[in-house]
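S.K.: Got a predicted model here, sequence first, then my questions.
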Amino acid sequence: MLSKNLQAPRTALPQTGSGDDPLVRLQQETQPAGGNIGLRATTHPEEIRITGITVMCPQCGARRDWMVICDRNEVSIRCRCAHQWVERELTRADYLAMIGEGIGQDYSSLEAAAQAVGYDGTLAGAYLNEPRPA
């Protein structure tokens with residue numbers, strides 16, 4: 001004979017308020033205030049050396065005058081010719097050490113950052129800063 005109640009009743013999860021939602025809380029903690037994404041960028045006029053090797057743009061051959069981008073924990077290098085690549089050897093800590101405390105600018109998007117500092121391709125081949133004497 002079949003019973004109507006074969007399954008045990010499910011335990012009800014406690015109701016959470018909108019401020020207690022762990023996913024919302026995580027999103028708020030990982031995004032800066034003001035609605036901006038976690039993108040920071042700075043310019044770096046000198047050469048960048050990683051493990052003793054000078055970084056060179058694979059598209060145009062530039063060796064200095066970079067835009068260094070930190071998007072959360074991923075660091076990218078962008079050339080004036082607008083070629084950009086993720087530099088896996090650099091970490092967020094490297095980025096912060098490179099720019100120092102309180103330097104760098106927050107941007108709402110990569111396009112806004114590249115256009116603001118001239119790394120959108122319009123100044124391809126131009127070196128705007130002279131390297132510092134060694």
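M.R.: Good, I have the coordinates. Numbers count the residues shown, from 1 in each chain.
S.K.: Any stretches of the protein with poor pLDDT?
M.R.: 1-38, 100-105, 123, 125-134 (pLDDT under 70).
S.K.: does the nearest residue to residue 120 once chain neighbours are set aside count as helix, strand or coil?
M.R.: Leaving aside its sequence neighbours, residue 120 sits nearest to residue 114 (Cβ to Cβ, 6 or more residues apart in numbering; 4.4 Å). C-beta: built from backbone N, CA, C; applies to glycine. Recorded secondary structure, residue 114: helix (DSSP: H, G, I helix; E, B strand; the rest coil).
S.K.: And for residue 114, the neighbour number?
M.R.: Number of residues near residue 114 (other Cβ atoms under 10 Å) recorded here: 21.
S.K.: just the one 5 residues further on next, same as before
M.R.: Using other Cβ under 10 Å, the number of residues around residue 119 comes to 25.
S.K.: There's contact between it and residue 80 in this structure, I believe.
M.R.: Yes: applying Cβ atoms under 8 Å, one finds residue 119 in contact with residue 80, separated by 5.8 Å.
S.K.: So residue 124 sits against residue 60, correct?
M.R.: Yes: Residue 124 is in contact with residue 60 according to Cβ under 8 Å; the separation is 6.7 Å.
S.K.: out of those two, which sits in the more crowded spot?
M.R.: residue 124 (16 against 13).
S.K.: Now residue 121: closest residue in space, sequence neighbours ignored.
M.R.: Take residue 121 and drop its neighbours on the chain: the residue closest to it by Cβ to Cβ, 6+ apart is residue 82, 3.5 Å away.
S.K.: since we're on that neighbour, how many residues are nearby?
M.R.: Residues near residue 82, counting by other Cβ under 10 Å: 16.
S.K.: Can you classify it by secondary structure?
M.R.: coil.
S.K.: so it touches residue 115, yeah?
M.R.: No: the pair residue 82 and residue 115 does not pass the contact test of Cβ under 8 Å, sitting 10.3 Å apart.
S.K.: I'd guess residue 96 is in a strand, am I close?
M.R.: No: applying three-state DSSP, one finds residue 96 to be helix, outside a strand.
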